[in-house]
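Enquirer: quick one, what's the 3D model for this:
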Amino acid sequence: MPASAHGPRILLANDDGINSPGLAVLEEIARTMSDDVWVVAPDSEQSGAAHSLTINEPLRLRTIGDRRFAVRGTPTDCVMLAVHHLMRGQKKPDLLMSGINMGANLGEDVTYSGTVAAAIEGCLLGIRSIAFSQLMKLNGPVNWDTPRKFAPEIIRKVLGVDWPPGVLINVNFPDLPAAAITGVFTTKQGQRDAADLVIDERADVRGVPYFWIGFRRNPFKPLEDTDFAVIDQGGVTVSPLRVDLSDPDMREKIRPLFS
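Expert: A predicted model of the protein is given here:
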């Protein structure tokens, strides 16, 4: 770290890739907090990668600039390489921020999301981690001024409270300009009604079949106080998530069966 650097050490990652406009906005926000900002992101889009690792082929790391790197791998690969290789023997990041994802990560999306997965990996490494996502219309303009306005205060507030280990923060901004936001609210993870899975089978120029996986989202009324409900009301969602997936109630229910 240069002698002139000041502020917390911040690591940025994402799943949309090193050239994503959302990552550029997040870096802009991070540089208002610190001079010690590292960017380690996939060299191409990794949406839907979840918390996956690259173990059957080599990882390629490319230096883009000062403390700025592109990885031919998943968001989780990026965080691992950053902490265990690029910063080996140095201070770990004080804060990991992932995103800003181009699209929502609400409800069960968090189980598929590479954006959230990067924050999960940071959390597992003992780093305070926040995932950011911006809702947007397909091929439409993106309201980047909304996270520019609200993200800095959200970061400041959550960093100012006691933060237990094993917890990350998932933030979603609605598809609205900053002036139309109704507020910032703590929420719990919601759940959609069932979605129809679509397997779209096609053929390439040689007649060999290939497939696209998609979903038809059914309209539903979200439960109160969930991330879906707050987004529908024009609010920014701040949802604490736990890495520990254990269910204590079910454990107690089945305990007599295995004792």
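
Enquirer: which SS state does residue 78 fall under?
Expert: Following DSSP: H, G, I helix; E, B strand; the rest coil, residue 78 is assigned to helix.

Enquirer: would you map the strands across the stretch 151-259 of the chain?
Expert: Taking DSSP state E, counting those that start in this stretch as the test, the strands found in the stretch 151-259 of the chain are 167-173, 183-186, 196-203, 209-216, 235-242.

Enquirer: which of those is buried the deepest?
Expert: Highest mean neighbour count among the strands of the stretch 151-259 of the chain (mean count of other CB atoms under 10 Å): strand 167-173, with a mean of 25. Where you see a C-beta, it was placed from the backbone N, CA and C, and this is true even at glycine.

Enquirer: got the angle for that one vs strand 235-242?
Expert: Strand 167-173 and strand 235-242 are oriented at 160 degrees to each other (axes from the mean of the first three to the mean of the last three CA atoms, to 10 degrees).

Enquirer: right, and the strands of the stretch 151-259 of the chain - which one's nearest residue 222?
Expert: With CB to CB as the criterion, residue 222 lies closest to strand 235-242 of the strands of the stretch 151-259 of the chain, at 11.2 Å.

Enquirer: got the strands of the stretch 151-259 of the chain as TSV, with distance to residue 76 and mean pLDDT columns?
Expert: What follows is these, written out as TSV (distance: least, CB to CB, whole Å; pLDDT from 0 to 100):
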stretch	distance to residue 76	mean pLDDT
strand 167-173	13	97
strand 183-186	26	96
strand 196-203	25	86
strand 209-216	21	84
strand 235-242	16	96
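
Enquirer: would you list the phi and psi of the residue lying closest to residue 67 once chain neighbours are set aside?
Expert: Spatial nearest neighbour of residue 67, chain neighbours left out: residue 38 (4.5 Å); criterion: CB to CB, 6 or more residues apart in numbering. Per-residue torsions, residue 38: phi -110, psi 140 (degrees, to the nearest 10).

Enquirer: now do residue 38 against residue 92, distance only.
Expert: 11 Å (CB to CB, to the nearest Å).

Enquirer: neighbour count for those two, which is higher?
Expert: residue 38 (21 against 15; other CB atoms under 10 Å).

Enquirer: just list whatever residues bridge to that one.
Expert: residue 11 (DSSP bridges).

Enquirer: list the contacts for it?
Expert: 9-12, 67-69, 82, 86-87, 93 (CB atoms under 8 Å, 6 or more residues apart in numbering).

Enquirer: could you dump those residues into CSV with pLDDT and distance to residue 26 added?
Expert: What follows is those, written out as CSV (pLDDT from 0 to 100; distance: CB to CB, whole Å):
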residue, pLDDT, distance to residue 26
9, 97, 15
10, 98, 10
11, 98, 11
12, 98, 6
67, 96, 15
68, 97, 13
69, 97, 15
82, 97, 15
86, 96, 18
87, 96, 19
93, 97, 14
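
Enquirer: sorry, back to before: mutual contacts of residue 38 and residue 92, please.
Expert: Counting by CB under 8 Å, 6+ apart, the contacts common to residue 38 and residue 92 are residue 9.

Enquirer: so, low pLDDT: which residues of the stretch 51-200 of the chain?
Expert: Low-confidence segments of the stretch 51-200 of the chain (pLDDT under 70): 193-196.

Enquirer: and the helices in it?
Expert: Along the stretch 51-200 of the chain, the stretches classed as helices by DSSP state H, counting those that start in this stretch are 75-81, 109-112, 114-124, 145-159.

Enquirer: nearest to residue 225, of those helices?
Expert: helix 109-112 (16.7 Å).
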